Each structure stands twice: as C-alpha cells, then as structure tokens.
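Q: Compute the structure for the input listed below.
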Amino acid sequence: MKFKKSIILFGIIVLVIILFRGHIYRALVNYREIGIREPVRVTNKDIIREINNRIDDRKLDLEEIANISQEIAKDKLKFTFKKTSHNPNVVYDMGEANCMGYSSLCNAIGNFIIKKQKDEDRYVARHIYGKLEIFGIDLNGLFKSNFFKTHDYNEIREYKANRSIFFDPSIGDYLKIKKVSSKE
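A: Here you go, the predicted model:
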C-alpha cells in the first residue's frame, strides 16, 4: 500500500514539474546581462521566405514576434556544443548552432519583423550575453571551458509600454520554456 502511494505521489510531483516547468525555471534561474551583441541583418532569402510565410502580412505584437522568432529557430536548428558560425544567415543553412547561433538567428528574425512592420520606434530586438544564476550562484563560473563563459539569450522590448520578453531559444528548444527572467 505504501509503495502504491509513493508511486502516485511521485507521479503527481513529476506532472506538476512538467506542467509548471516554465514558472519553476524562471523562479530558480536568473539571466544576468553582461552585454549586447551587434545585430546581424537577415539577407538569406530562405529565412525571409520562412518569416513571410509565418506572418502573412499580419501586424504582430511583442509576444508574437518572440514566438515566431523562437519557432523558426526551433524548427530549423539543432543544438551543438561545437564552435559554429554566429551569423544567422549561415547558421540557418547549416542547421545547427550553439546558444550564440540560436540567439543570433532569433534576434535577426525579430529585427526583420520589426523593420518589415515599420515598428522600429515601438519595438527592439536585442541579442544579449550574460551569466546564468541559481540562487545568486554563477553557473557559468562552475565550468572551466570557454564555451560556458557566458550564455546568449534574447529580449524583445516594447518602448512605450516599457515591457520586455526575455527568452532563451536554445533552452526553449529542449525544455519548451518560452520565457526566462533577466536582470541587468
């Protein structure tokens, strides 16, 4: 009887973790901004075609810009620990990227959509690099490899509403977490 109750309790705990993984992740993990990477303009015709197919000339809001950027990256890329290009036009064709390549592609897509909608005075997409912290402990500092020195993520900011969405497309691809928490 105790074994059956333990299995049921374990199942409930796993279900709660799965259902609320985004909230749990944001509560435990903070992204601390160190700097901004320069944006790279989309020139790859395949990326432009993919964006246009997904937006259908609709006027997108902050959430939709972030979601479409992540969806395209998730659908096209596979994560690698290898050193790869950070140019989104190249990464898209290669089909694999590390966290910098994922974020570079999302940033380029976000800025392309913002420019296409003529919303540069309303929104901005930023490619950020920083540190991951759990309870104030720098996770990046626990690794000796330069690969883990920093971690890249993105922000889509709406100026007038002073509102931002932060997301980590490489984490989002694997854990299905669409937003993260960040502090400067």
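Q: How far off centre is the strand ranked longest in the chain?
A: Ranked by residue count, the top strand of the chain under DSSP state E comes out as strand 123-134. Centroid separation between strand 123-134 and its chain, computed with C-alpha atoms, centre = their mean, to the nearest Å, is 9 Å.
Q: Could I get the average pLDDT for the helix or strand just after that strand?
A: The first helix or strand that comes after strand 123-134 along the chain, using DSSP states H and E, is strand 137-138. Mean pLDDT, strand 137-138: 78.
Q: Likewise for stretch 50-62?
A: For stretch 50-62, mean pLDDT is 91.
Q: Offset the numbering so it begins at 51, please.
A: Done: numbering now begins at 51, and the last item shifts to stretch 100-112.
Q: And it, end to end?
A: 19 Å (C-alpha to C-alpha, to the nearest Å).
Q: cool, and stretch 72-90?
A: Terminal residues of stretch 72-90 lie 29 Å apart, using C-alpha to C-alpha.
Q: Flag every buried residue along that stretch.
A: Counting neighbours by 16 or more other C-beta atoms under 10 Å, one finds that the buried residues in stretch 72-90 are Tyr75, Arg76, Val79, Asn80, Tyr81, Arg82, Glu83, Pro89, Val90. Yep, even glycine has a C-beta here, placed from its N, CA and C like the rest.
Q: just stretch 202-222 next, same as before
A: Of the residues in stretch 202-222, 202-208, 214-222 count as buried by neighbour count, 16+ other C-beta under 10 Å.
Q: Ile122 reaches Asn102, doesn't it?
A: No: assessed by C-beta atoms under 8 Å, Ile122 is found out of contact with Asn102, at 11.3 Å.
Q: So which of the two has more stuff around it?
A: Higher neighbour count among Ile122 and Asn102: Ile122, with 21 against 13, using other C-beta atoms under 10 Å.
Q: give the contact list for that one.
A: Counting by C-beta atoms under 8 Å, 6 or more residues apart in numbering, Ile122 makes contact with Ile97, Glu100, Ile101, Arg104, Leu155, Cys156, Ile159.
Q: Ok, Thr130 next?
A: Shown in contact with Thr130 (C-beta under 8 Å, 6+ apart): Glu146, Ala147, Asn148.
Q: PyMOL command for the buried members of those residues?
A: Buried subset of the contacts of Thr130, written as a PyMOL selection, criterion 16+ other C-beta under 10 Å:
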select buried, resi 147+148
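Q: just the contacts of Thr130 now: which is nearest Lys166?
A: Ala147 (23.1 Å; C-beta to C-beta).
Q: Identify the residues contacting the closest one.
A: Leu127, Lys128, Phe129, Thr130, Thr134, Ser135, Val141, Ser154, Leu155, Ser220.
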